[in-house]
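A.B. asks: Fold the following for me, if possible:
(2 chains)
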Amino acid sequence: MNVFATEAGTDLYEHATTLGKAHIASMFKQNPNRFEDFSYSLPGLMLDLSKQRITSETLNLLCALAREKQLDQWINDLLTGEKINESENRPALHTALRTPVDQTLEVDGVNIIDQVHENLARMERLVNQIHAGQWLGCTGDPIDTIVNIGVGGSDLGPFMACKALGEFTTTNSRDIELHFVSSMDGSHISSLLDKLDPTRTLFVISSKSFTTIDTLANAETAKEWLKRAYQYEGTDEALILARHFIGVSATPQRMIDWGIPESNHLYFWDWTGGRYSMWSTIGLPIALRIGMSGFREMLAGAHVMDSHFRDTPFEHNLPVLLALTGIWNINFLGITAHAILPYDGRLSHLPSYLEQLEMESNGKNTTRSHELVGYNTCPVLWGEIGTNAQHAFYQLLHQGTIPVMCDFITCAVRYEGPNNIDLKRQHQLNLSNCLAQSQILALGDTVIEGADKAPAYKRYRGNQPCTTLLLDKLTPHTFGMLIALYEHKVFVQSVIWNINPFDQWGVELGKTIATGLLPALTGEADNPSLDSSTRGLIHHINTKR
Amino acid sequence: MKIAVWGNELIGWTAATAFAEFGNQVHVNQDINRQQSLSEQSDANTILFNEPGLLTHVKAQYHQGNLVFGSPADALNCPVQILALNPDQFELAKDIIRAVNHQTQQQLIVINYSTFGLGATDQLAELLDSNKQQAIAYIPDQLSEGTAYDNFIKAKTLVIGCQSNEANTQIKALYKPFSRQLEQLLIVKRREAEFMKFAVNGMLALRLGYINELANLADQLSIDIDTIISGMGSDPRIGKHYLSPGCGFGGAHFSKSIQNMAELLSTNRNSIILNTLLEENEKQKVLPFRKLWQHYKTDVKHRKIAVWGLSFKPNTASIQNAPSLQVIKTLLAQGCQIQAHDPQAILNFSRQFPVNGQIAYYDKATDALKDADALIILTEWNEYWSPDYYEMLELMKSPVIIDGRNIMDKELMESFGFIYYGIGR
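C.D. replies: I've put the predicted structure just below:
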């Protein structure tokens, strides 16, 4: 069944036939109060939807659609631990990871909030030990370099957060060097190991299943590197593993099988999806960067957004409104491309983080009742730091042929303090570019006088819907809010599309086939049943070796 | 001559006492707003407590009335003013100069011993009244903690950083009683004298840092560093001083001076040479612990570890920047039981690490050895050089010795049945 064949859906299709042709510039002319009407604030964060191609009626109809789709029930099910990840028969409880200790949430008769905080305390002990210079390597040198080995959710979230919050180091965490290794081909790790001192390096192996081949291949290389370094002293392998490896996983036995002793384990649970896991012990690198107090601030910020999401009527609910304007753009205005444009270099890795969060969650064509959807779901997402993207793909945004919706993300205040005059000026320049670009993309060249007399190649048609997310300042707290906002946005859209955002069956077959191709590549076995392209490529590769 | 000494640095107490012994009346003060007494519980007592030899002289001069703890106003009237302030007290130094200037109409000589940094004495000079006969000199102190008084009265070199001939004549007269063994007198500019102080300490630290690096390498390559040092020291271009490897240098003044020079080099030249040296020195301080850690293959929790020597060097009770601070902190963090001995520094040390279930202090060195899994030697006090090995073997649970100062003979120790680790041996 077409989920949009609902009462509100029908109204929205009809509404779109008229509004779909309207230009955002004329909407601003008709209603000079669009900013007041379509911007929404929480302490520390503002969402401006006034440059979207919407009216009050659009939002009313979208909220009606959400009600028809029983969004409130779904939100309740999400937050109370119902097994809404049906294909994997488990709940999706990333919100529990940031729930304060004085609250309870029972799953299968166990209060998981207690478990969450026990694990945070365990992580805190470990973080404090490293920060105090008292986690020692085999030689007794204090560990001052951490290499996080993980991929996907065990990499993107911590990597992005450490980049975003790098200036919130504490006195103790400042001297810790952090690296992230993810690529299966070894290019990250091979260039890194040459520069590191094995006696002072600790590897954090992060993998929910502890079977991820990318991660284990890198971990194996790290182990061999350490064994070679300690060869001279004759240090045995068990000692190396005990002093230079920490495992973060939901499957303790596999960590033990790989050789990491229990004392070096950090845990999370199967109800934590990989791309929703940076709030768990997967966030260890974040805590190592900004200290546990900073990490807890980040959790608190996300919890503020969770509470807002749970308690606020749809008409004022930031994640709901962000999601519904997306639904409007994708399903009623036919926009299938989405650019993420942070105007803040600290958020440089946010686009790739959101690529995974949105596309792995909602890039699906099957409903919860196992039928093919009859409408578009997740758009193609990509992005780059705004000011850099201006010199790359903005040409397409302004004068290309495809409609693109854009998220502009920035902060109002940066570089505080009297000695930062030059940098403050740079931030003002950055803000003026952010505002100028969203203005032109939405309103087109109507923003200047006499543009209609220019030749066609100098025209800017505008009408690309833009959202602006404005943080007061980027802090662990507002950062937590921002990421939770996107998580819930993704969930709301999945409810409207009637898909399960918490599984990722689309990534499985590739792993199986890749394993099957290895013998042909190593020359151990031929596989005559392969298609001619793959066969031809393998043959070509093998002739070059 | 009436002399005022301001501040609480070792050089201040030493100079005050020495000048008092030779006919001068010396007023000792710490602050322009506060009168000081010898008995008050101030930092002065810590400085003097750490220098037992000096304290005797201070008391004697106080009782004879040559050393006065009078009012700051009296001190400001003295024609010779000595600044022996902490490096952080530059603002106080300026206040003192201004106050003296305000109060006195007569000729004035200021001797600055304080290590405020390069150019600081010139800045103070600008506060003097050029219309009056006033001059300021910087004299780098060459005291070693533990032997400060002797270093002062039997100085072999004297560097006076001062551009005024009249002032220099008077300073030389003041120093006359201590110049009998003087081999070299250098009159230079103030900035040059300040630079010289940093340069000398930096050079010494570089030698120590280099020999420690060599010793660590020798350790890895199974070469005895003592043999190498004998060879190096016999080369007249190198000489034998400051070539003993060990578990890092400490002390208040030496370290501070190197930090100052490191900062100068890094700010003006982007040079990291002394910063690297300081970082490596911090690592070197924990080397004895690392040897323990490796000996027990990281399994050190609950082990009883005897520690001999807590002061940063022998003959002082000072523990400032001492390797013992780092080593004990690490031993505690790793869950070891510590049994510590030091002839003088236990009181200072136990203020920072009070006795508890994990750490105990002993008055007798051998008492600290009972049931020990290892002995770590961190300071080369005389009494540790030739202990009763049979008694040690009897007392210790495991005869493991980690000698952070290379005071014992490796072969001899091994022949007794000890498992011996030195630095670079």
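
A.B. asks: and whatever residue of the stretch 51-200 of chain B ends up closest to chain A, which of the three is it?
C.D. replies: Closest approach between the stretch 51-200 of chain B and chain A, counting by CB to the nearest CB: residue B:88, at 19.3 Å. Bear in mind the C-beta positions are built from the backbone N, C-alpha and C, glycine included. Assigned with DSSP: H, G, I helix; E, B strand; the rest coil, residue B:88 falls in the coil class.

A.B. asks: Output the set of residues of chain B in proximity to chain A.
C.D. replies: Chain B comes close to chain A at residues B:220, B:283, B:286, B:289-294, B:297-298, B:330, B:333-334, as judged by CB under 8 Å from any CB of the partner chain.

A.B. asks: So which of these sit within helices?
C.D. replies: B:220, B:283, B:289, B:290, B:291, B:292, B:293, B:294, B:330, B:333 (DSSP state H).

A.B. asks: Which among the residues you listed count as buried?
C.D. replies: B:283, B:289, B:290, B:291, B:292, B:293, B:330 (16 or more other CB atoms under 10 Å in any protein chain shown).

A.B. asks: Widest-spaced pair of those?
C.D. replies: B:283 and B:292 (15.2 Å; CB to CB).

A.B. asks: for the stretch 301-425 of chain B, which spans come out with low pLDDT?
C.D. replies: Nowhere does the stretch 301-425 of chain B drop to pLDDT under 70.

A.B. asks: Now do the helices in it.
C.D. replies: In the stretch 301-425 of chain B, the helices defined using DSSP state H, counting those that start in this stretch lie at B:323-333, B:346-352, B:389-395, B:410-416.

A.B. asks: Out of these, which one sits most buried?
C.D. replies: Ranked by mean neighbour count, the helices of the stretch 301-425 of chain B are led by helix B:323-333 with a mean of 23 (mean count of other CB atoms under 10 Å in any protein chain shown).

A.B. asks: Off-centre distance for it?
C.D. replies: 20 Å (CA atoms, centre = their mean, to the nearest Å).

A.B. asks: Not counting its own residues, what contacts that helix?
C.D. replies: Contact with helix B:323-333 is made by A:129, A:132, A:134, A:136, B:247-248, B:250, B:282, B:284-286, B:288-289, B:300, B:305, B:307, B:309-312, B:319, B:338, B:340, B:342, B:345, B:349, B:352-353, B:358-359, B:376, B:378-379, B:404, as judged by CB atoms under 8 Å, 6 or more residues apart in numbering or on different chains.

A.B. asks: Which of those residues are buried, as a ChimeraX select command?
C.D. replies: Buried members of these, defined by 16+ other CB under 10 Å, are picked up in ChimeraX with:
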select /A:136 /B:247,248,250,284,285,286,288,289,300,305,307,309,310,311,312,319,338,340,342,345,349,353,359,376,378,379,404
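
A.B. asks: measure residue B:357 to residue A:128 for me?
C.D. replies: Using CB to CB, to the nearest Å, residue B:357 is found at 21 Å from residue A:128.

A.B. asks: What residue in the stretch 101-250 of chain A comes nearest to chain B?
C.D. replies: Per CB to the nearest CB, residue A:140 is where the stretch 101-250 of chain A lies closest to chain B, at 3.2 Å.

A.B. asks: quick one: buried residues of stretch A:314-331?
C.D. replies: A:314, A:317-331.

A.B. asks: repeat for stretch B:202-219
C.D. replies: By 16+ other CB under 10 Å, the buried positions in stretch B:202-219 come out as B:202, B:204-205, B:207-212, B:214-216, B:218-219.

A.B. asks: Also stretch A:501-509?
C.D. replies: Using 16+ other CB under 10 Å as the test for burial, stretch A:501-509 gives A:501, A:502, A:503, A:504.

A.B. asks: Of those residues, just say which sits nearest to chain B.
C.D. replies: Among the buried residues of stretch A:501-509, and counting by CB to the nearest CB, the member closest to chain B is residue A:504, at 40.2 Å.

A.B. asks: Confirm for me that the closest one is in contact with residue A:360.
C.D. replies: Yes - at 5.2 Å, residue A:504 counts as touching residue A:360 under the criterion of CB atoms under 8 Å.

A.B. asks: Show me the helices in the stretch 301-450 of chain A, by range?
C.D. replies: Under DSSP H, counting those that start in this stretch, the stretch 301-450 of chain A gives helices at A:318-327, A:350-354, A:361-362, A:386-389, A:394-399, A:421-443.

A.B. asks: related to what we said a few turns ago, for the buried residues of stretch B:202-219, work out which two are farthest apart.
C.D. replies: B:202 and B:219, at 25.7 Å, using CB to CB across these.

A.B. asks: ok, which stretches of the chain are strands?
C.D. replies: Assuming you mean chain A. Along chain A, the stretches classed as strands by DSSP state E are A:39-42, A:45-48, A:106-107, A:110-111, A:145-149, A:177-181, A:201-206, A:245-249, A:265-267, A:337-342, A:380-383, A:405-411, A:466-471.

A.B. asks: that's the wrong chain, I wanted chain B
C.D. replies: B:2-6, B:25-29, B:67-68, B:80-83, B:108-112, B:134-138, B:157-161, B:184-188, B:304-308, B:337-341, B:359-362, B:374-377, B:400-403, B:419-421.
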